[in-house]
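> Quick one: sequence and predicted model below, then my questions.
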Amino acid sequence: MTDSPRVALVIGAGDGNGAAIARRFAREGYVACVVRRSADKLQPLVAQIVASGGRAQAFGTDARKEEEVTALFEQIERDIGPVEVLVFNVGANVPSSILDETARKYFKIWEMACFAGFLNGREAAQRMVRRGRGTILFTGATASMRGAAGFAAFSGAKHALRALAQSMARELGPKGVHVGHVVIDGMVDTDFIRDNFPKAYAERMPKQGILKPEHIAESYWQLHAQPRDAWTFELDLRPYMETW
């Protein structure tokens, strides 16, 4: 196994941050194992990484299903190599008034943003602790720090994910596993922002007021590359002009 390729596993490799993170680790020689519920949606990303000289494989996995997550880790570690880096990047930002929120939607958002983080974090931790090394990075949001009106479900899930990350960091750090939490506080340059907030995009983009996925990905790489004597648990990323 020592001669096996190093794997960076990105759960929630969407077209923005997740894809950029996968590309960044692939540049360093890692096999980018990228995951969404539909593997077909990942083929353009895999092709892009391969065309740039990197290695990538796509997996269709529901990050909320324990049996699927366990099978994913077993397959990757058996057929490709050890998971050296896990990035949990599943998004579930669905606004709703607490007056209209349904139990079904609230539970689904918690499953996606928190429970899935537990499942994937646990599977990674079990393997990394045995090896005495590894990095687990959770993507947070503004909602990780404060609960805005209309975001009760998302804020509750993101608060819980942050607490999970804190607990894991305190337990696993002494065992050689670096756990970090990255708060993304601001608009990210994605199709969703361009299509749904065109005025804000037009005003902010020329002023570098919108987060670029490539710059976010660079911070993830830097966290992984940190020496053990200077590990960061939490990093918050926001444009200079963001109100906080």
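Nice, thanks for sending it over. Keep in mind that this is a model prediction, so the values were computed, not measured.
> Going by C-alpha atoms from here, please, whenever you check contacts or count neighbours.
OK.
> quick one: least confident helix or strand in this protein?
helix 191-196 (a mean of 84; mean pLDDT, DSSP states H and E).
> Just checking, which helix or strand succeeds that one along the chain?
helix 198-204 (DSSP states H and E).
> before we move on, back to that, report the buried residues of the least confident helix or strand of the chain.
residue 194 (16 or more other C-alpha atoms under 10 Å).
> Walking through this protein, point out its helices one by one.
Listed in chain order, the helices of the chain (DSSP state H) span residues 17-27, 43-51, 66-79, 103-110, 116-131, 152-172, 191-196, 198-204, 213-225.
> Quick check: closest non-adjacent residue to residue 83.
residue 7 (4.7 Å; C-alpha to C-alpha, 6 or more residues apart in numbering).
> show me the contacts for that neighbour.
Listed by C-alpha atoms under 8 Å, 6 or more residues apart in numbering, the contact set of residue 7 reads 30-33, 80-85.
> how close does it sit to residue 88?
Residue 7 sits 14 Å away from residue 88, going by C-alpha to C-alpha, to the nearest Å.
> And residue 215, by the same measure?
17 Å.
> repeat for residue 133
18 Å.
> And the two? Which one has more around it.
Between residue 133 and residue 88, counting by other C-alpha atoms under 10 Å, residue 88 is the more crowded of the two (27 against 17).
> Dihedrals phi and psi, the residue located most distally from the centre of the chain?
Going by C-alpha atoms, centre = their mean, the residue of the chain most distant from its centre is residue 99, 30.1 Å out. Residue 99 adopts backbone torsions of phi -70, psi -20, taken as degrees, to the nearest 10.
> Tabulate the helices of the chain in JSON lines, adding columns for distance to residue 242.
What follows is those, written out as JSON lines (distance: least, C-alpha to C-alpha, whole Å):
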{"stretch": "helix 17-27", "distance to residue 242": "19"}
{"stretch": "helix 43-51", "distance to residue 242": "30"}
{"stretch": "helix 66-79", "distance to residue 242": "36"}
{"stretch": "helix 103-110", "distance to residue 242": "26"}
{"stretch": "helix 116-131", "distance to residue 242": "27"}
{"stretch": "helix 152-172", "distance to residue 242": "19"}
{"stretch": "helix 191-196", "distance to residue 242": "15"}
{"stretch": "helix 198-204", "distance to residue 242": "10"}
{"stretch": "helix 213-225", "distance to residue 242": "15"}
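> can you list the weak-confidence ranges in the protein?
1-2 (pLDDT under 70).
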